[in-house]
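[1] no sequence on this one, just coordinates:
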């Protein structure tokens with residue numbers, strides 16, 4: 001007798017024993033099988049006889065309704081070429097070409113390939129653009145610059161910390177009253193300094209540089225070469241202007257946009273987004289900060305997190321925090337770091 005026939009007869013004996021005992025549980029216990037398995041055998045025997053108790057053929061690994069690999073590759077290519085497109089827009093585009101794929105199916109395909117969210121597609125496209133000599137389309141470039149304002153500064157590479165800093169100020173919104181934030185961001189690694197104030201004269205810009213920025217770089221043996229600002233009155237004017245006078249005094253070049261008016265740098269713009277989306281919501285979770293000094297203390301604590309622990313994705317930092325970027329530069333230069 002063949003092995004398949006023996007197996008079928010063995011399974012049949014379980015059914016016969018249960019009928020003889022009049023008790024399924026006892027029969028299953030004697031034969032060492034579960035009740036669900038017993039009823040599976042019973043249904044198969046009732047439907048197909050002894051043949052149904054043989055081992056069933058293995059299930060095909062490919063399903064007739066599986067999306068063809070060529071179509072999967074087309075979907076991935078479309079998502080990379082048009083990263084702002086959602087699943088249903090891709091589905092509608094494919095339908096115009098006579099290809100029928102539902103939005104949920106496209107979402108599953110993108111998720112399996114690490115492109116399920118807008119953020120996933122943004123990071124993948126930046127990796128692709130920065131890791132190889134790949135030409136981006138105007139649509140891809142505009143989308144990347146919208147997601148990460150630092151990306152539009154990629155042609156102005158900084159070779160070391162302090163080579164080019166960006167400075168600007170912005171309002172924290174009406175909820176805090178007339179409170180503004182003076183900001184300096186290093187284009188090499190996005191290390192940031194910030195100071196709150198309630199009036200707009202240029203001495204606040206000078207105070208941030210003199211009290212925090214310059215000492216930071218001096219402690220690490222780094223020299224600030226240039227600072228980029230807009231051409232507004234807070235930073236730009238005659239040689240007697242307090243800000244211009246201070247930069248000339250400490251030997252820092254002042255860089256401004258070529259056109260008239262103010263021009264916010266991408267690094268400051270990105271820092272502004274992070275402050276408004278990450279710092280302020282934390283502040284308003286607790287009691288309101290009516291005193292600027294108390295709010296400044298909260299900001300200082302958050303800046304420690306921003307500079308030393310918060311990962312900055314892809315462009316420039318590639319997942320490293322700003323402090324680690326500067327630390328790695330100093331290590332490569334053989335400079336002993338301060339704590």
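    It's in. Just so you know, these numbers come straight off a predicted model, no measurement behind them.
[2] switch to C-alpha atoms for all contacts and neighbour counts from now on
    OK.
[3] what about the strands in the stretch 201-339 of the chain?
    226-228, 253-255 (DSSP state E, counting those that start in this stretch).
[4] report the strands that pair with the first one, each with its relative direction.
    It refers to strand 226-228. Under the criterion DSSP bridges, strand 226-228 sits next to strand 165-171 (parallel), strand 253-255 (parallel) in its sheet.
[5] how about the strands of the stretch 201-339 of the chain, which one is nearest residue 172?
    strand 226-228 (21.6 Å; CA to CA).
[6] so what's the gap between that closest one and the chain middle?
    28 Å (CA atoms, centre = their mean, to the nearest Å).
[7] please work out which residues outside that strand touch it.
    Outside strand 226-228, the residues that touch it by CA atoms under 8 Å, 6 or more residues apart in numbering are 162-167, 252-256, 265.
[8] residue 256 - how many residues pack around it?
    19 (other CA atoms under 10 Å).
[9] whoops, I mixed them up, residue 211
    Around residue 211 there are 10 residues (other CA under 10 Å).
[10] arrange the strands of the stretch 201-339 of the chain in a markdown table, one row each, with mean pLDDT and distance to residue 78 as further columns.
    Shown next, in a markdown table, are the strands of the stretch 201-339 of the chain (pLDDT from 0 to 100; distance: least, CA to CA, whole Å):
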| stretch | mean pLDDT | distance to residue 78 |
| --- | --- | --- |
| strand 226-228 | 91 | 38 |
| strand 253-255 | 90 | 40 |
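[11] most tightly packed of those strands?
    The highest average neighbour count among those, using mean count of other CA atoms under 10 Å, belongs to strand 226-228 at a mean of 20.
[12] so which residue is smack in the middle of this structure?
    residue 119 (5.2 Å; CA atoms, centre = their mean).
[13] which strands and helices sit next to the helix or strand harbouring that one?
    Using DSSP states H and E, residue 119 sits within helix 118-131. Packing partners of helix 118-131 (3 or more CA pairs under 8 Å, 6 or more residues apart in numbering; DSSP states H and E): helix 69-81, helix 138-147.
[14] where among the ones you listed is average confidence lowest?
    Comparing mean pLDDT over the helices and strands packed on helix 118-131, the weakest stretch is helix 138-147, at a mean of 77.
[15] mind listing what's buried along that helix?
    140-141, 143-144 (16 or more other CA atoms under 10 Å).
[16] for the stretch 151-300 of the chain, which spans come out with low pLDDT?
    Counting by pLDDT under 70, the ranges of the stretch 151-300 of the chain that qualify are 152-157, 173-177, 199-202, 259-264, 283-291.
[17] now with 50?
    Scanning the stretch 151-300 of the chain with the threshold set as pLDDT under 50 gives 261-262.
[18] now do the helices in it.
    Applying DSSP state H, counting those that start in this stretch to the stretch 151-300 of the chain gives helices spanning 203-208, 214-219, 242-250, 266-274, 280-283, 292-308.
[19] would TSV of those helices with distance to residue 52 and mean neighbour count be doable?
    Below are the helices of the stretch 151-300 of the chain laid out as TSV (distance: least, CA to CA, whole Å; neighbours: other CA atoms under 10 Å):
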stretch	distance to residue 52	mean neighbour count
helix 203-208	83	19
helix 214-219	80	13
helix 242-250	90	16
helix 266-274	64	19
helix 280-283	64	13
helix 292-308	65	16
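[20] out of those, which comes closest to residue 113?
    Of all those, helix 266-274 comes closest under CA to CA, at 27.9 Å.
[21] surely residue 87 and residue 108 touch.
    No: Residue 87 lies out of contact with residue 108 (CA atoms under 8 Å); the separation is 9.6 Å.
[22] the more surrounded of those two?
    Each of residue 87 and residue 108 has its neighbours counted (other CA under 10 Å); residue 87 has more, 22 against 13.
[23] quick one: pLDDT of the more buried one?
    Looking at residue 87, its pLDDT reads 89.
[24] could you do the one 10 residues further on as well?
    Residue 97 is assigned 84 on the pLDDT scale.
[25] okay, now it: neighbour count?
    8.
[26] also residue 163?
    Residues near residue 163, counting by other CA under 10 Å: 17.
[27] circling back: so can I have a markdown table of the strands paired with strand 226-228 showing distance to residue 76?
    Formatted as a markdown table, the strands paired with strand 226-228 follow (distance: least, CA to CA, whole Å):
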| stretch | distance to residue 76 |
| --- | --- |
| strand 165-171 | 37 |
| strand 253-255 | 42 |
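[28] and the residue nearest to the centre of the chain, how far from residue 143?
    12 Å (CA to CA, to the nearest Å).
[29] repeat for residue 82
    Taking CA to CA, one finds residue 82 at 9 Å from residue 143.
[30] repeat that for residue 280.
    Residue 280 is 26 Å from residue 143, where distance means CA to CA.
[31] just residue 80 next, same as before
    11 Å.
[32] next: residue 7.
    From residue 7 over to residue 143 the distance is 63 Å, taken as CA to CA.
[33] now do residue 214
    Taken as CA to CA, the span from residue 214 to residue 143 is 35 Å.
[34] what of residue 39?
    Computed as CA to CA, the residue 39 to residue 143 distance reads 58 Å.
[35] now stretch 306-316: buried residues?
    306-308, 310-312, 314-316.
[36] return the item of the residues you listed having minimum pLDDT.
    Within the buried residues of stretch 306-316, residue 314 has the lowest pLDDT, namely 65.
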